[in-house]
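Undergrad: Need coordinates for the below:
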Amino acid sequence: MTRRRRDPSLDPKWIGENLDRLLGYEILQRSIRAQYQEMDPVDLEDAVGADYGLYTRIIKKVRTILK
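TA: Below you'll find the model as predicted:
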């Protein structure tokens, strides 16, 4: 019987460690396809497998730091 390998991209720890690479890949894909319009944060989170609200929290934190 063949043992199934676990998909590492479903592991939250793996996603956290590779989030920069996943974002870079998404930017590369959009650039190659000449899709330069804004991307909704929810769509971006879904594309890279991040938890929902991550980018909204990051933007809010940066705003409070810059004030």
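
Undergrad: can you give me the helices for the protein?
TA: 12-32, 41-48, 54-66 (DSSP state H).

Undergrad: Flag every buried residue along the last one.
TA: Within helix 54-66, the residues that qualify as buried by neighbour count (16 or more other CB atoms under 10 Å) are residue 55. In this view, the C-beta of every residue, glycine as well, is placed from N, C-alpha and C.

Undergrad: just the first one next, same as before
TA: For helix 12-32, the buried set under the neighbour-count rule, 16+ other CB under 10 Å, comprises 15, 18, 22.

Undergrad: now swap in the shortest one and tell me
TA: Buried residues in helix 41-48, defined by neighbour count with 16+ other CB under 10 Å: 41, 44-45, 48.

Undergrad: wait, which of the residues you listed is closest to residue 59?
TA: Of all those, residue 41 has the smallest distance to residue 59: 7.9 Å, by CB to CB.
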